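Asks: Quick one, structure for this:
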Amino acid sequence: MFQLLTILLSIVSVILILVTHYGWAWLVIGIIDIYLLFVLWGAKRKYKFDFSSEISTEANTLLNQYGHYFIMPFGAKDLSASAATIQFAGVAIAIIGVIKGAWLSLLLGLVNWVAMGTVSVSFSPIALLNKRPELQSAYDEIIEYLNKYRNFPNNEN
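Replies: Modelled structure (predicted):
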């Protein structure tokens, strides 16, 4: 859901840089950047897991780093995609800004690219799993571990 809002605000930012001062476009991008950073910070603080002897060290590390993803995978994927959308919107705005002579847009675009790239990967481990397939077994181990302890009231006998 937030992904749709991000796409719309990205389009608004591109329109803003075309018709007004480049600062207005970067203001929209900056507000979304700050919001995503705040949500990531809160999610990482809220969803921490203690070390469990039932799963491997690698699985414990992955669970501690991406606990928010394992608790709310659809939300984490949506926010990860939103960060990637803002990352690319920042590139478009930076290019348009440089064409219009606003060289500061290049610096802002670079900062946005690095920040939102990091945020995108921090929300969802899927990109990490694609880069490091050996983590797939740790991922599967976490899913099995969490499913073992989930309380499903509708399935009680």
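
Asks: Number of residues surrounding the nearest residue to L135 once chain neighbours are set aside?
Replies: Closest residue to L135 apart from its sequence neighbours, by C-beta to C-beta, 6 or more residues apart in numbering: L129 at 5.5 Å. Quick note: C-beta positions are derived from backbone N, CA and C, even for glycine. When neighbours are defined as other C-beta atoms under 10 Å, L129 has 15 of them.

Asks: by contact count, what packs against the worst-scoring helix or strand of the chain on mean pLDDT?
Replies: The helix or strand of the chain with the poorest confidence is helix 126-131; it has a mean of 78 (mean pLDDT, DSSP states H and E). With contacts taken as 3 or more C-beta pairs under 8 Å, 6 or more residues apart in numbering; DSSP states H and E, helix 126-131 sits against helix 104-123.

Asks: Which strands or helices does the helix it packs on pack on?
Replies: Using 3+ C-beta pairs under 8 Å, 6+ apart, helix 104-123 is in contact with helix 22-46, helix 73-99, helix 126-131.

Asks: Apply 6 Å and report the result again.
Replies: With contacts defined as 3 or more C-beta pairs under 6 Å, 6 or more residues apart in numbering; DSSP states H and E, the packing partners of helix 104-123 are helix 22-46, helix 73-99.

Asks: Let's have the ones you listed in JSON lines, adding mean neighbour count.
Replies: Output for those, formatted as JSON lines (neighbours: other C-beta atoms under 10 Å):
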{"stretch": "helix 22-46", "mean neighbour count": "17"}
{"stretch": "helix 73-99", "mean neighbour count": "20"}
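
Asks: so can I have a markdown table of these showing mean pLDDT?
Replies: Formatted as a markdown table, these follow (pLDDT from 0 to 100):
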| stretch | mean pLDDT |
| --- | --- |
| helix 22-46 | 94 |
| helix 73-99 | 94 |
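
Asks: Thank you, goodbye.
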